[in-house]
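Participant: mind folding the following:
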Amino acid sequence: MPRLPASDPSNDNVVVFDVDTTAADLPPGEDVPVYFRGSPSYLISNDLGIVLRNAWKIPLIFYPFPALGVDVSNSGVVQQVVATVASLALTAAVLASAALPIAGLTAIALWLFIRFMNWVQGGTNRLVVSAAVPGEEAFGNEEWFFINGIATNNNGSQLACDALAKLFRRKITGICNRTDGIWFDLVQCLIQRDLLWPTADVRVGYEYLSAAIRRRGTKRIVLIAHSQGGIIASVWVDQLLADFAPDQLRDVEVYTFASASNHFSAPTAPKMSSPFGNIEHFANELDFVADIGVLSFAPDWKTVKNMPELAAGSVRAVPGRFAGRVFVREGATGHLLLTHYISKDDSILDTPSVIEFSRLHKYKKGGDPVVTSPNTDATSLTTPPSTQGDKSTESTSNRRTDGLAHGRSAGKVEGEEGDAESPQ
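Facilitator: Alright, predicted model coming up:
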């Protein structure tokens, strides 16, 4: 049976909820566990358990199968195969020679390999900029950034930036999260996520993002993150909260797809708004990476789904650590951004619930959430429930926490209708 279009009302398989980081509705004596500040040994062992429980979904990462040139270029495939084989061989050599006199030589070989991969991918230059699209000049006072996930070189980041630019009609600056092969990329994920180690990608990218916030005359700063990029984005958010006052962050919006992070900070006091303009997370239910990230650390979406329905136009708010509004597409597979999340034929952004409740959707085709139609409540667009804690949000979100676990530790690219050319 063929899939229905994502926008078909009968195909609305998305569960939507807001994560309330105030924990104001928790029963006396209960608290939200601060998972990511556990000991490194606990974090790593717990992550291994999460990975093993979800390992059966690994074959679904690339299903439906992508076409070359959409999420990855031909040269990117070759580079990834060579780098992965080399990284596995070097790891085996380092482990085998740990107690031998040649241990130093294998360590040097490992260092040279990483330096070579860095040189191949542009040396000190980590930025890619999307190709110009019609209408982007109207948003010169906005800055949009994209941070990619694992197994992506500069060409892959360029493909994503070009596609996002076409989708939103904005200039997209890609901060390239470089690859050293899938194996070393996964090791780096553990280092960033469990050891809170600021790798070069984290440090350099934060310089660009923080500079944009300090730059005068910028109306809006939007960060889109995918996969491992969600880990990096969560680290940046932590540092932004330490470096900037809330009024400096109110124009910053963060959107993640298949985030591999184990937390997302946006602390709020009861009846006070979040310091960020908006935060949203999108995940496919059967995406292995999303399952070991956002879907393991945000409140249990299946519990939310089984709660009594709210009034039309309302989004439930539940206590948890993973701040933002979460959209989970039930039954969907695949991890690739352009093929499995925002493809023209089956985009999560075109499902009815996302169309109604997502701020990111309203940016499509050069849209602006602040510019509303006569039948649209402007407050719901400019100050979405995911970032508000005032009385009006309480009434529209209909906060309910009973029975909810606070968290568990344990190819065409979409474009406007009638486009004559593909963004790839």
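Participant: what segments of the stretch 151-300 of the chain are helices?
Facilitator: In the stretch 151-300 of the chain, the helices defined using DSSP state H, counting those that start in this stretch lie at 154-168, 182-194, 200-214, 228-243, 246-249, 288-291, 294-297.
Participant: reformat these into a markdown table and put mean neighbour count next to each item.
Facilitator: C-beta coordinates here come from the backbone N, C-alpha and C atoms, glycine included. Below are the helices of the stretch 151-300 of the chain laid out as a markdown table (neighbours: other CB atoms under 10 Å):
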| stretch | mean neighbour count |
| --- | --- |
| helix 154-168 | 25 |
| helix 182-194 | 19 |
| helix 200-214 | 16 |
| helix 228-243 | 23 |
| helix 246-249 | 14 |
| helix 288-291 | 25 |
| helix 294-297 | 26 |
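Participant: looking at those helices, spot the one closest to N278.
Facilitator: helix 246-249 (11.0 Å; CB to CB).
Participant: distance from the chain centre to stretch 57-76, please.
Facilitator: 18 Å (CA atoms, centre = their mean, to the nearest Å).
Participant: mind telling me which of the helices of the stretch 151-300 of the chain the model trusts least?
Facilitator: Of all these, the minimum mean pLDDT falls on helix 182-194 (a mean of 84).
Participant: report all helices and strands that that helix contacts.
Facilitator: helix 40-54, helix 74-96, helix 228-243 (3 or more CB pairs under 8 Å, 6 or more residues apart in numbering; DSSP states H and E).
Participant: try it again at 10 Å.
Facilitator: Contacts defined by 3 or more CB pairs under 10 Å, 6 or more residues apart in numbering; DSSP states H and E place helix 182-194 against helix 40-54, helix 74-96, helix 103-120, helix 200-214, helix 228-243.
Participant: would you tell me which of those helices gets closest to M307?
Facilitator: The stretch from these with the least distance to M307 (CB to CB) is helix 40-54; that distance is 24.1 Å.
Participant: give me the contacts around that closest one.
Facilitator: 35-39, 58, 186, 189-191, 193-196, 262, 286-293, 295-297, 408-410 (CB atoms under 10 Å, 6 or more residues apart in numbering).
Participant: circling back: of the helices and strands packed on helix 182-194, which approaches E136 most closely?
Facilitator: Closest to E136 of the helices and strands packed on helix 182-194 is helix 200-214 (CB to CB; 16.4 Å).
Participant: now that closest one: how far from the chain's centre is it?
Facilitator: Centroid displacement of helix 200-214 relative to its chain, using CA atoms, centre = their mean, is 17 Å.
Participant: which residues are contacting it?
Facilitator: Counting by CB under 10 Å, 6+ apart, 118, 124-127, 142-145, 147-148, 173, 175-178, 188, 192, 196, 198-199, 218, 221, 223, 228-229, 231-233, 235-237, 239-240, 243-244, 248-249, 251-252 sit against helix 200-214.
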